[in-house]
Every structure is written in structure tokens, then in C-alpha cells.
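[1] What follows is a predicted protein model with its sequence.
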Amino acid sequence: MSSTAGMVEFSRAGPRSARDDVQVTKAYVLETSAWIAFRLDRREAARRARCGLGAVPAWNLLDTLMDLPAGLPVPTPGLSTETLRTVCRAPRGVARLDDGQIVRDLVPALMPLLAVISVRDWPSGLARASRFAPYCRRVLVGPASVLNAEALEAARGLGIGVAVREGEETEVVLEPNSVRDWRPSTAWWRFCEAVYACVLQPAQ
């Protein structure tokens, strides 16, 4: 796995990408502001654009789609009435119904890699960063002057990275852990869609 420095570079304006295959967007997700580093699925993004389809945040729809394989036809007789109803009501570009079969076209448009959260005090930052635990790695960025051993140890125990600002310089003093036992879920996919919405309409 890449280090934090291998994915983002820090500046006073916020983190920016350090790699050609990684992008960074400012987002308000999970009731907090963060910078999200992600890898865009350019093919899926282009496909959605052709269909006039943006982010798809509907929980019930994503939960239904989780049970359908991407790109493979599924005979409709084997699906429940509720599944058929949900898929048939979906926006154009989500799935196709053809000759008694359903094909799911929608896949996540990006892979979240890292959430960077700016903080003024470390305890509240740790609580905010913990919201991102199931979805991607996390780094807190805050003033070096108020970082103490207790906060650093708490971050280490939670698997949260720490970067400290001193003047114009930002230094990563603790690398974040990878997401433990990661697996795609409806919640993870919805998080991806929330970030993708911010990519399409960047926060000011």
C-alpha cells in the first residue's frame, strides 16, 4: 500500500494529488468536512456522463444492486417482485432489462483511498475521523503545538494517521492503517456515491 506521502502532498490550501492515478476532492460527507483522495473509474464516469447519470445515492437501489452481478445477465424469473420493481424504476444507465433478463451496468465510479481531516483540537478530530473507518484510510492534520503523546497514542490505537503543521510545512508523523477486513457493502457503495457527487459538484 502507498504511504500517505505517496498519495497526497500537503499545502496551506489543502492536500493535492501526488500521483497521476489519484485525485483529491473537497467533500462534506458523514456530517464532516474532509479532503478525499480517490482513484476514479474513468470508464464508468464516462459511461454515466453519456447516460446523463450522476451520483446514485439511493440506499434501497444500491442494496438491491449489490445482489446482482455487474455486466452479467440475470433471468428475471429468478428475481423477486420487489427487486424487479426497484430495478425497473431506476434511472437510465443503472441497469438494462432485455429479453427476460436484467443486466446491471452501474458500478462505483471511484475507489476512496484516504480521508484527510483538518483539526484544531485532536480529540474532536479523532471522533470525526472514526466515521470514515469502514471506507478508507484516515489522516488528521493539525497544529503541532497542541499535539501531545496521549492524542498520538489514541490515533495509533484507532489506526488514524497524524500529520502536523508548523509554519508552512506539514509533516506526517504517523501513517494510517489500512482498512481492516474491508469488503464492499451497501454503506461503502453509498459513501462512494456521496464522494462522487462532490467530484461532480465540488464544495466551495
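    Structure's in. What do you need? Quick caveat: nothing in here was measured; it's all calculated off a predicted structure. Residues are numbered from 1 along each chain as shown.
[2] center of the protein, which residue is that?
    Against the mean C-alpha coordinate of the chain, by C-alpha atoms, centre = their mean, the closest residue is residue 112 at 3.6 Å.
[3] I'd like the average pLDDT over the strand or helix carrying that one.
    According to DSSP states H and E, residue 112 maps onto strand 110-118. When pLDDT is averaged over strand 110-118, the result is 97.
[4] so how far is that strand off the chain centroid?
    6 Å (C-alpha atoms, centre = their mean, to the nearest Å).
[5] And for stretch 192-204?
    For stretch 192-204, the distance to the chain centre is 10 Å (C-alpha atoms, centre = their mean).
[6] Pull out the buried positions in that stretch.
    Of all the residues in stretch 192-204, those buried under the rule 16 or more other C-beta atoms under 10 Å are 192-199. Every C-beta, even on glycine, is put in place using the N, C-alpha and C of the backbone.
[7] Which SSE is immediately downstream of the helix or strand of the chain with the lowest mean pLDDT?
    Taking mean pLDDT, DSSP states H and E as the measure, helix 4-7 is the helix or strand of the chain with the lowest mean score, a mean of 82. Sequence order places strand 8-9 as the next helix or strand after helix 4-7, per DSSP H and E.
[8] which strands and helices sit next to that next one?
    The contact analysis (3 or more C-beta pairs under 8 Å, 6 or more residues apart in numbering; DSSP states H and E) places strand 8-9 against strand 16-17.
[9] Pull up the pairing partners for the strand it packs on, direction included.
    Strand 16-17 pairs in its sheet with strand 8-9 (antiparallel), by DSSP bridges.
[10] Give me the nearest residue to residue 170, chain neighbours excluded.
    Distance criterion C-beta to C-beta, 6 or more residues apart in numbering; nearest residue to residue 170, sequence neighbours excluded, is residue 10 at 3.6 Å.
[11] Contact partners for that neighbour?
    The contact partners of residue 10, by C-beta atoms under 8 Å, 6 or more residues apart in numbering, come to 141, 163, 165, 170.
[12] In helices, which of those fall?
    Assignment to helices by DSSP state H places none of the contacts of residue 10 there.
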